[in-house]
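Asks: Need coordinates for the below:
(chains A and B)
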Amino acid sequence: MRIISYNVNGIRSAISKGFLEWLDQERPDVVCLQETKAQPDQIPLFHFEELGYRSYWHSAQKKGYSGVAILSLIEPDHVEYGMGNPLYDNEGRVIRADFGKLSVVSVYHPSGSSGDERQAFKMQWLDHFMLYVQELRQKRPHLVLSGDYNICHQPIDIHDPVRNAKSSGFLPEEREWVTRFLGAGFIDTFRFFEKAPHHYSWWSFRANSRQKNLGWRIDYHMVTDNLKDKIRNAGIMPEVVHSDHCPVWLEMDHNL
DNA sequence: ATGGTCGATAGTCGA
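Replies: Numbers count the residues shown, from 1 in each chain, chains lettered A, B, ... in the order given. Have a look, this model is predicted:
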C-alpha cells in the first residue's frame, strides 16, 4: 500500500498545473491532501472519480482557506471528519479513513507565521492533537498520521537552522512537541530510512528558494511504532511542482 | 530593516 501526502496549496490551482495527470501516472492507493482551499461545491469531484478515486473532503468554514481530503482507490470502511471538538474542527484540518485495521489521517497543523495569536493557537492545537491521537489509539491502534505539521524537527530538516532559530515552524517549543510526539510511540518514516540533510518538502515562493533547494521538511508520515515491521520505504518527491510543497510518500505492507 | 511571492478572494488576508 502506497500513501502520498501532499499540501497542494489550492486543489484548483494544483489541477491547473497538472496534478491530475501526475496522480494518474503515480496512482497511489491513498492520497492525503492539505490546503485544498475549496468549498464542497467548488471541488471537481468527477475528475477524481474518472481516475478511479473515491474522495472525502473536510473544508474550512472560511472560503478559500485550509481544508483537507483523502483520495482512495480502496473503499474505506469508515470516514471521520475532524477531531470531534468544535473549537478545532471549523478550519478543516483533520480527516480520517479506516481501511481494515489501519487508520489513515490527513492533517494540516496550523501555521503560526502570521502572528502571535496564530502561534498561540498552533501550540494549543498541537496539545489538543496529542490528546486526540492518544484517545484514538485506544480504539484504532494502527495509525498513519500524514500531513503538513508546519514544524521542522531537527536542524537537518531546515536549510538555515541558525537564522530560523526564532521562526515559527522551528521554535524550540515546536521542535520539543515533535520530540514528545515521537517519544509517545510514533515513527518519522522518512527519517527511519534517510539520515542525510538537504531533504525538504516546502520552499518559499520567494527568492528562488526552490531552485536553490533552500527549504524546510515540514510534511511527514508519522506511524505508530506497532507498524515498524510493516514500513517498506519512504521518500520525498521534490521534482513534483504543483505547489510550494512537494508530495511525500510511504510504502507499507498491506497485510496487517 | 525591508521586501521579496503566491492562492483565493473581493477585505486584503494568510501562508
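Asks: The helix or strand of chain A at the bottom of the mean pLDDT ranking near DNA strand B anywhere?
Replies: Scoring the helices and strands of chain A by mean pLDDT, DSSP states H and E places helix A:86-89 at the bottom, with a mean of 93. No. Using C-beta under 7 Å from any atom of the strand, helix A:86-89 never reaches DNA strand B; the gap is at least 13.2 Å. The way it works is simple: take the backbone N, C-alpha and C, and place the C-beta from them, glycine included.
Asks: for that helix, packing partners?
Replies: With contacts defined as 3 or more C-beta pairs under 8 Å, 6 or more residues apart in numbering; DSSP states H and E, helix A:86-89 has these neighbours: helix A:116-139.
Asks: now check the helix it packs on, is it near DNA strand B?
Replies: Yes. Helix A:116-139 reaches DNA strand B (C-beta under 7 Å from any atom of the strand) through residue A:118.
Asks: Check what contacts the helix or strand just after that helix and list those residues.
Replies: Next in sequence after helix A:116-139, counting helices and strands by DSSP states H and E, comes strand A:142-148. If you take C-beta atoms under 8 Å, 6 or more residues apart in numbering as the criterion, strand A:142-148 is touched by A:3, A:5, A:7, A:32, A:34-35, A:68, A:101-109, A:133, A:136-137, A:186, A:202, A:218-224, A:226-227, A:245, A:248, A:250, A:252, A:256.
Asks: likewise stretch A:117-136?
Replies: By C-beta under 8 Å, 6+ apart, stretch A:117-136 touches A:83-85, A:87-88, A:93-94, A:96, A:103, A:107, A:109-112, A:143, A:145, A:150, A:168, A:171, A:173-174, A:177, A:180-181, A:184.
Asks: What about these, which are in helices?
Replies: Residues of those located in helices (DSSP state H): A:87-88, A:173-174, A:177, A:180-181.
Asks: Assumed residue A:5 was part of a strand.
Replies: Yes. According to DSSP: H, G, I helix; E, B strand; the rest coil, residue A:5 belongs to a strand.
Asks: For DNA strand B, see how far away it is.
Replies: Shown here: residue A:5 relative to DNA strand B, a distance of 15 Å by C-beta to the nearest atom of the strand, to the nearest Å.
Asks: Write out the residues of the stretch 151-256 of chain A neighbouring DNA strand B.
Replies: A:205-207.
Asks: Take those and keep only those in strands.
Replies: Per DSSP state E, strands hold no members of those.
Asks: Kindly reformat those as TSV and extend each row with distance to residue A:157, neighbour count and pLDDT.
Replies: What follows is these, written out as TSV (distance: C-beta to C-beta, whole Å; neighbours: other C-beta atoms under 10 Å; pLDDT from 0 to 100):
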residue	distance to residue A:157	neighbour count	pLDDT
A:205	20	9	96
A:206	20	7	95
A:207	19	10	94
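Asks: And the residues you listed, which is closest to residue A:160?
Replies: Of all those, residue A:160 sits closest to residue A:207, with 12.0 Å by C-beta to C-beta.
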